[in-house]
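>>> sequence first, then the predicted structure:
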4 protein chains.
Amino acid sequence: MGIVLGTHQYGKAENRVVRIYRDSPRHEIRDVTVSTALRGDFARAHTVGDQSAVLPTDTQKQTAYAYAKEKGLRAVEDYALALARHFVDDVEPVAGARVEVEEHAWERAVVDGVEHDHTWVRRGQEVRTASVTVEGTGDDQQVWVTGGLKDMVILKSTGSEFSGFLTDPYTVLQPTTDRVMATSLVARWRFTEHTGIDWDATYAGIKALLVEQFATVHSLALQQTLFAMGSAVLEAYGFLAEVRLSAPNKHHFLYDLSPFGLDNPGEVFHADDRPYGLIQAQVTRDDAPDAGPAWYGYTGLV
Amino acid sequence: MGIVLGTHQYGKAENRVVRIYRDSPRHEIRDVTVSTALRGDFARAHTVGDQSAVLPTDTQKQTAYAYAKEKGLRAVEDYALALARHFVDDVEPVAGARVEVEEHAWERAVVDGVEHDHTWVRRGQEVRTASVTVEGTGDDQQVWVTGGLKDMVILKSTGSEFSGFLTDPYTVLQPTTDRVMATSLVARWRFTEHTGIDWDATYAGIKALLVEQFATVHSLALQQTLFAMGSAVLEAYGFLAEVRLSAPNKHHFLYDLSPFGLDNPGEVFHADDRPYGLIQAQVTRDDAPDAGPAWYGYTGLV
Amino acid sequence: MGIVLGTHQYGKAENRVVRIYRDSPRHEIRDVTVSTALRGDFARAHTVGDQSAVLPTDTQKQTAYAYAKEKGLRAVEDYALALARHFVDDVEPVAGARVEVEEHAWERAVVDGVEHDHTWVRRGQEVRTASVTVEGTGDDQQVWVTGGLKDMVILKSTGSEFSGFLTDPYTVLQPTTDRVMATSLVARWRFTEHTGIDWDATYAGIKALLVEQFATVHSLALQQTLFAMGSAVLEAYGFLAEVRLSAPNKHHFLYDLSPFGLDNPGEVFHADDRPYGLIQAQVTRDDAPDAGPAWYGYTGLV
Amino acid sequence: MGIVLGTHQYGKAENRVVRIYRDSPRHEIRDVTVSTALRGDFARAHTVGDQSAVLPTDTQKQTAYAYAKEKGLRAVEDYALALARHFVDDVEPVAGARVEVEEHAWERAVVDGVEHDHTWVRRGQEVRTASVTVEGTGDDQQVWVTGGLKDMVILKSTGSEFSGFLTDPYTVLQPTTDRVMATSLVARWRFTEHTGIDWDATYAGIKALLVEQFATVHSLALQQTLFAMGSAVLEAYGFLAEVRLSAPNKHHFLYDLSPFGLDNPGEVFHADDRPYGLIQAQVTRDDAPDAGPAWYGYTGLV
């Protein structure tokens, strides 16, 4: 019986790259946090301390910043594709590369009713995410792309029920036919193609669909809303294989005002922090190609 | 020489109150974190453990939720005024009350181009703040109101310089005539009146002015921008005595791409976390009435 | 081509359970954050909103608190085992249960050199973690247990090198034979048994080994240190199958004091926040049994 | 009526300075976050953008790192004194300087029962704080020093009551004669001298007293415990003028297990996040010298 090195990866996490386009007076901005991880046989670095196959994480950082200039930084998926391919194609010991991007959105400042050329206010509504995984070179190269969003906080003040659930001796919850439902949505989708896609338009379209489904589906449970969200996205975008959703149920508890002689017909709530329900679901095509390493992240080992 | 109790206050911090108005199909929502602190002579609770003059912090919490129904929760200043007055007017040992509110803004979800009646997406751009301090009762009652915002992240990609500064033997910084300037602005303003003011419209107007000044002032230093912001607000709103501004200089360092043979004329930046410059300034009328306890917060003792 | 529900799970996250044992004047305390997730066929909740198979997340919460009394809360692994088995054994639609625990450690306050009976100070050094996954009932029941820690911040001021690494055109990093090495370690280990183990003693022993290896291995790279840590743990504990390690390289950059005529032979550093290197590795026995769902967490879907 | 600049200050916040002493094989470490602010007449920077009196915040940063070498970094109070005096003494436009330090404590790793020479584990129990304010030069120079701690989380599982409190129509809280009391203590103390004090020993002594009082005082209210803490410190240290304490009441709610037929005599609690009670008190000598700017921090304006 021996002790051996198993799965391993290494990289530079959370590079804070900001790219300004200033070719005309109307500047453009892209603001991202990008993380890279390299995969392959780096066993000798672990077992005997031999770094000769190890491209430093500092080099990965330099490349992330340099590529924002050399290859540009527009749609985050294109930027991640360029970076991931570079590590696999140009650095010999690298068998696979993982690049993850979070985009921090800005909206133009408005001055006298007009959008300003070079001033922006951070738009905090949600964070756009993307990942690219590349394995192999030449004709054998495989590429997986996911897009997504996180921290999209959304709430509806009616149109949500929760009743008819299973009970056991530890159940004290009362059913309700009208409650506040709120979540901080994480959604991720897997592309089956990675050329010819308008990444930014696709992102905007998916986000609009997610919001629309949340608003318009009369919800019998958060589970139902999630499935409706994922289905709507898959119906609209044929180049997506699956959607994964993670939704904390941010509980808004109806406050008991009866000790004070006050009625409270769904008007005053306490927004609780913890604990929270957490619902996770994958909505997928029944003929979706295998996900491979698409969901294995740069922090994925533990 | 004796050891005595000095300044003291106590209250309930960070009540998470959400108020839905559902009198028509088009609901309204207000979502706040409210903190209360009571002031007066509570010395015996400290020195001998006698609670007979102490209204529990739990009661303060109950009142915060109950008042969202009884008095309503629309403009945060009005809600804070009602709460603060109640504690001073109705609870005998209370000589002064401090109420602070942070409002978490929501914007209506848009479905098919139309704003939805009962679904909202959290708008993360900034947090609106307000404080009310009330002292005394009847004709002797004094009231101080402040409004404000925090976490407004704003950036301009040109129109900002920093040069001509003082140097000493520890100075290595090079002057620049074109840099990225970014901050996460905290601004607070003190009202001289508290009746007849359209709080929501005033907030929107001040925020627009702050953004406009940031965008349009060609900045020789963040200091200059802050003073211009504060001055513009005081010029526009005669019922404000002063504006206080706190602005971290969120450094965007031009990334050195020269080792890679790349030019970088203000295009690729590293957004650094720490340390950061921090500029704080008060802009005031020269005849402003005394601030009294207006700026002494519920966490103010340490 | 159809759209179907794929993997799904749901539960209650981050229940903050504190258990006091007060059977004698010398109290004991256990303070945990526990999260539960149920797995099985809950498809109808998603597809048609039928909750009849859904045990509410509120019930899972109630059970987590009730079990702290009914079954007790001593070693976190035992508590998690009891909870996970209950959901699978006693709730019919549940095919699998995942319970994760984080323990917040307290140490007894010392008064006049003596440990106090009922007062503790939070010991912030690291967070102990554990997970239990149970699938099936009766003779077919399978159980996976992992232990671990996170947030263990550890630093050595010498005895660490990084040189001889691969270079490419984006490499500017200089090799070093003496640097500060620091990390905030995450380690998790998988048990092959779950009866007859002294969980608390095992945890203490593993933690000591991790610290010892970090201290005594002359490190040619963080990779090497991680492998030595994992190997030492596996050598000492025959009932462990594998160790997984995730180590951010918390960069301590030697500060350039030369502009001020000061030498800096490894004495003054800037502790940088982001980006950071991130090294992840699995150290495993070559005959380790399959991990099954051991590493699939309650937040695992996205 | 004119608009003028009022109070203002500027500096560099959160410099992350780590100092290693390696003159012998047994290294020493000090790890601090230091923030500086300069005060004086910097009006022209605000009003006309003239930087000629402005020492850059970058220079303040350089000095903070350089002084860790030039002057050393042992007791944080001494380090802060050296930095603050330098800015006032050596930089002409500076009338006053504020330096605040937070120290992140490390304890030596233990290997085979022996403390290691150059490896440490972060001790997370609490953060030591200090501030120095210097105004004027030469014989007119005035110095204020405070010490303190924050994030000391402490809990007692009995020996705490809360009853006999004032009630009003919004009071629903029931009195209790035995509860869990927990807080995350902030304490700060003001020195009346700044020479000849053993800062490190004083810190250790005060911390021990705070813990001891929390443990041994039978508490009728958190207010009473705070006053006892402050009094004990003032009685022990004649060179302290006052102690300021801020204590969130981290509520541990007894969990209602009665629906499950379980008794809960102070054994199972829910540790709630928000809201929380907040008690603040100053304990002072009745002949304490005026605090001057001792409590006016680098973030103090808003």
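Arrived safely.

>>> for A:Tyr298, which three-state class applies?
Following DSSP: H, G, I helix; E, B strand; the rest coil, we place A:Tyr298 in the coil state.

>>> OK, now which residue of the stretch 151-300 of chain A is nearest to chain D?
Nearest to chain D in the stretch 151-300 of chain A, going by C-beta to the nearest C-beta, is A:Asp273, at a distance of 4.2 Å. (Glycine included, C-beta is placed from N, CA and C.)

>>> my guess is that residue meets D:Ala271, correct?
No - with contacts counted by C-beta atoms under 8 Å, A:Asp273 stays clear of D:Ala271, the gap being 11.2 Å.

>>> coming back round to it: what's the residue of the stretch 151-300 of chain A closest to chain D in contact with, if anything?
If a contact means C-beta atoms under 8 Å, 6 or more residues apart in numbering or on different chains, then A:Asp273 has B:Arg16, D:Asp273, D:Arg274 as its contacts.

>>> now name the helix or strand holding it.
Following DSSP states H and E, there is no helix or strand that holds A:Asp273.

>>> next: A:Leu185.
Assessed by DSSP H and E, A:Leu185 sits inside strand A:181-191.

>>> name every strand pairing with that strand and say which way it goes.
With DSSP bridges as the test, strand A:181-191 is paired with strand A:142-156 (antiparallel), strand A:240-249 (antiparallel).

>>> please enumerate the strands of the stretch 101-250 of chain A.
Secondary structure of the stretch 101-250 of chain A (DSSP state E, counting those that start in this stretch): strands at A:106-111, A:114-122, A:127-135, A:142-156, A:181-191, A:240-249.

>>> so which of those is nearest A:Thr202?
A:Thr202 lies closest, by C-beta to C-beta, to one member of the strands of the stretch 101-250 of chain A: strand A:142-156, at 7.0 Å.

>>> so how far is that closest one from its chain's centroid?
Mean C-alpha position of strand A:142-156 versus that of the full chain (C-alpha atoms, centre = their mean, to the nearest Å) differs by 3 Å.

>>> buried ones in that strand?
A:143-156 (16 or more other C-beta atoms under 10 Å in any protein chain shown).

>>> distance to C:Ala82 and pLDDT added to the residues you listed, as a markdown table?
Shown next, in a markdown table, are these (distance: C-beta to C-beta, whole Å; pLDDT from 0 to 100):
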| residue | distance to C:Ala82 | pLDDT |
| --- | --- | --- |
| A:Val143 | 46 | 97 |
| A:Trp144 | 40 | 98 |
| A:Val145 | 43 | 97 |
| A:Thr146 | 37 | 98 |
| A:Gly147 | 41 | 98 |
| A:Gly148 | 36 | 98 |
| A:Leu149 | 38 | 98 |
| A:Lys150 | 34 | 97 |
| A:Asp151 | 35 | 95 |
| A:Met152 | 37 | 96 |
| A:Val153 | 35 | 96 |
| A:Ile154 | 36 | 97 |
| A:Leu155 | 36 | 96 |
| A:Lys156 | 37 | 97 |
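
>>> between those residues, which is closest to D:Asp286?
Among the buried residues of strand A:142-156, and counting by C-beta to C-beta, the member closest to D:Asp286 is A:Val153, at 51.1 Å.

>>> which residues of chain A lie near chain D?
Applying C-beta under 8 Å from any C-beta of the partner chain, we find that chain A lies next to chain D at A:Pro169, A:Tyr170, A:Val172, A:Pro259, A:Phe260, A:Asp273, A:Arg274.

>>> if we use 10 Å, what do you get?
Chain A has residues A:169-172, A:256, A:259-261, A:270-275 near chain D, with proximity defined as C-beta under 10 Å from any C-beta of the partner chain.

>>> on that earlier part again, mind giving me TSV with the strands of the stretch 101-250 of chain A and columns for distance to A:Leu38?
Formatted as TSV, the strands of the stretch 101-250 of chain A follow (distance: least, C-beta to C-beta, whole Å):
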stretch	distance to A:Leu38
strand A:106-111	31
strand A:114-122	31
strand A:127-135	11
strand A:142-156	16
strand A:181-191	22
strand A:240-249	25
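
>>> how close does A:Val233 sit to D:Glu70?
60 Å (C-beta to C-beta, to the nearest Å).

>>> that'll do, ta.
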